[in-house]
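Trainee: Sequence first, then the predicted structure:
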Amino acid sequence: MAPAARSGSAIRDLDIAIIGGSIAGCTAAIELARLGARVSLFERSGEELKDRGAGLGVPTAVFDTFIARDLVDAGLPYFPAPAFLRICRTADEPRYGRLAWAQPATLAALNWGALYRNLRKRVPDGVYRTRRQVVAIEQHTVSSVELRFADGASARFSLVICADGYASLGRQTLFPEVALNYAGYVLWRGHMPEAVLPESPPLEVGIRCVGYDGGHGIFYFVPGADDSVAAGERLVNWGVYVAVPPAELTAFMTDKSGRVHQGSLPPGMMPLATEQALKDKLMPVMPDFYADIIARGSDTFAYAICDCQVPAYRRGRICLAGDAGAFARPHSGAGALKGMNDAIALGEALRDHNDIEAALDAWDQQRTAANNELVRFGNQLGEAFVTAIPDWSTMDVTAMEAWFNSVVTIRASYIGERS
């Protein structure tokens, strides 16, 4: 667990509001409450966040840090992922694809919902307040920020942390000039019980990355129901990147009822014609094994891939955390991790400084630089694997490694990997 607050540290004088109850918000609530701050978390939804069954990969050193800080249980199930197995369909290997490169990795593949549940149970119910939508944020004095709620109520706090996602009210309030940049493609995702697969061995080791003209897809196991990792009880998590020109994005993001969504189409809302068009486009370029997984997909969902950098992570006593700040493309693997890192780093800065402004300044400079770098890292990966992906079938391991290192020159780093 993180060290206790030092005597005289600034954090004990803070009355903190956190906007948003997902990964970043829960981590901030845990870390700051343990250091002695008075914390209130406001989540706009009326129920626990939905688990879409999606997976994520966490560097094992970072995962160990989360355990050491008692953010997750030591026994939280995951699958070790020692490599990104980069494969492509060829005439000689149409079913499983040709392995072009086993790119080394040291990741733990886990279920997003399991990570969220571990964090949520560490936030006292009296702190986590549902059905409290914040509609305005205003700094009144040097040490006082007012929140106004949808029900007409208001409250003042000495520090506000906006962990309210990629469409953040906090980011809009602090930096109205910052807009999300659409990358020209979407991530189409799904998952299914392992039991429906005709065979499982091709997914047993590593994260399978299938390259094709105009994009790539990822396929891997994550723990299934009740966090089971037993064979036959796992979930197959998959996602594929598909080009959608900006002029066609509104039509793509229109659901079954004709409603246009901003940012994402939730599970079960994608029109069958849109889903079938995606299958028709991708199945011919996929090895048959992976094409079959996509063909079996139902209640799939999609995200428009966007990114943005921010000029700072705080102004006055209003701070940003997670996707509310710099927003990186998912290739970077930074979504959940970035939010947790922001929260941990903020707690450490407040713990280590007696002066609140000095603590926030130090945290702001560090997180702004680190997270804008993650955005650039994600953009480089997007170029490598989507917008300018080469023909992997013509490349050997040496050529693959040289190509990757020529395009992706930034390397991500996270709390837990810094020493």
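Mentor: Perfect, I can see it now. Residues are numbered from 1 along each chain as shown.

Trainee: Low-confidence regions, this protein specifically.
Mentor: In the predicted model of the chain, residues 1-10, 46-53, 416-419 satisfy pLDDT under 70.

Trainee: Domain ranges for it, per the record?
Mentor: Following automatic domain parsing, the chain resolves into domains at 10-47+130-179+308-377, 55-111+181-306.

Trainee: looking at the ones you listed, which is buried most?
Mentor: Comparing the domains of the chain on average neighbours per residue, with mean count of other C-beta atoms under 10 Å, the densest one is domain 10-47+130-179+308-377 at a mean of 21. Where C-beta positions appear, they are placed from N, C-alpha and C, glycine not excepted.

Trainee: my read: Trp188 touches Phe252, true?
Mentor: No - at 9.9 Å, Trp188 and Phe252 do not qualify as touching, with contact defined as C-beta atoms under 8 Å.

Trainee: Redo the domains of the chain as TSV? Include distance to Glu401.
Mentor: Output for these, formatted as TSV (distance: least, C-beta to C-beta, whole Å):
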stretch	distance to Glu401
domain 10-47+130-179+308-377	18
domain 55-111+181-306	7
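
Trainee: closest one to Val397 among those domains?
Mentor: Evaluated with C-beta to C-beta, the domains of the chain place domain 55-111+181-306 nearest to Val397, the distance being 5.3 Å.

Trainee: so Asp64 is in which element?
Mentor: Asp64 belongs to helix 60-68 when assigned by DSSP states H and E.

Trainee: immediately after that helix, which helix or strand?
Mentor: Using DSSP H and E, the next helix or strand after helix 60-68 towards the C-terminus is strand 79-88.

Trainee: For stretch 265-280, output the C-alpha coordinates as CSV.
Mentor: Taking only C-alpha atoms (Å, rounded to 0.1, in the frame of the first residue of the first chain), the coordinates of stretch 265-280 have been written out as CSV:
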residue,chain,number,x,y,z
LEU,A,265,-22.2,2.7,-30.6
PRO,A,266,-23.2,0.7,-27.5
PRO,A,267,-23.6,-3.1,-27.6
GLY,A,268,-26.7,-4.2,-29.3
MET,A,269,-27.4,-0.8,-30.9
MET,A,270,-25.5,-1.3,-34.2
PRO,A,271,-28.0,-1.9,-37.2
LEU,A,272,-27.7,-5.4,-38.6
ALA,A,273,-26.9,-4.0,-42.0
THR,A,274,-23.9,-2.1,-40.6
GLU,A,275,-22.7,-5.1,-38.8
GLN,A,276,-23.1,-7.3,-41.8
ALA,A,277,-21.3,-4.8,-44.0
LEU,A,278,-18.3,-4.9,-41.6
LYS,A,279,-18.3,-8.7,-41.7
ASP,A,280,-18.4,-8.7,-45.5
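
Trainee: contact partners of it?
Mentor: By C-beta atoms under 8 Å, 6 or more residues apart in numbering, the surrounding residues in contact with stretch 265-280 are 52, 188, 240, 242, 252-257, 261, 294-295, 297, 299-302.

Trainee: Can you check which residues contact both of Trp188 and Phe252?
Mentor: With contacts taken as C-beta under 8 Å, 6+ apart, the residues that reach both Trp188 and Phe252 are Ala302.

Trainee: thinking again about what came up before, so for Ser393, which of the domains of the chain sits nearest?
Mentor: Evaluated over the domains of the chain, closeness to Ser393 peaks at domain 55-111+181-306, with 5.0 Å, by C-beta to C-beta.

Trainee: Show the end-to-end separation of that closest one, please.
Mentor: 20 Å (C-alpha to C-alpha, to the nearest Å).

Trainee: packing partners for the host helix or strand of Lys338?
Mentor: Under the criterion of DSSP H and E, Lys338 resides in helix 335-352. Using 3 or more C-beta pairs under 8 Å, 6 or more residues apart in numbering; DSSP states H and E, the elements in contact with helix 335-352 are helix 23-34, strand 55-59, helix 356-382.

Trainee: With just CA atoms, put that helix into CSV.
Mentor: These are the backbone C-alpha positions of helix 335-352, laid out as CSV (Å, rounded to 0.1, in the frame of the first residue of the first chain):
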residue,chain,number,x,y,z
GLY,A,335,-6.9,4.3,-21.5
ALA,A,336,-7.4,2.6,-18.1
LEU,A,337,-3.7,2.8,-17.2
LYS,A,338,-3.4,6.5,-17.9
GLY,A,339,-6.3,7.3,-15.6
MET,A,340,-4.9,5.1,-12.8
ASN,A,341,-1.4,6.6,-13.2
ASP,A,342,-2.9,10.2,-13.1
ALA,A,343,-4.6,9.4,-9.8
ILE,A,344,-1.6,7.7,-8.2
ALA,A,345,0.7,10.5,-9.3
LEU,A,346,-1.6,13.2,-7.9
GLY,A,347,-1.8,11.4,-4.5
GLU,A,348,2.0,11.2,-4.4
ALA,A,349,2.4,14.9,-5.3
LEU,A,350,0.0,16.0,-2.6
ARG,A,351,1.5,13.7,-0.1
ASP,A,352,5.0,14.9,-0.7
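
Trainee: Noted, bye for now.
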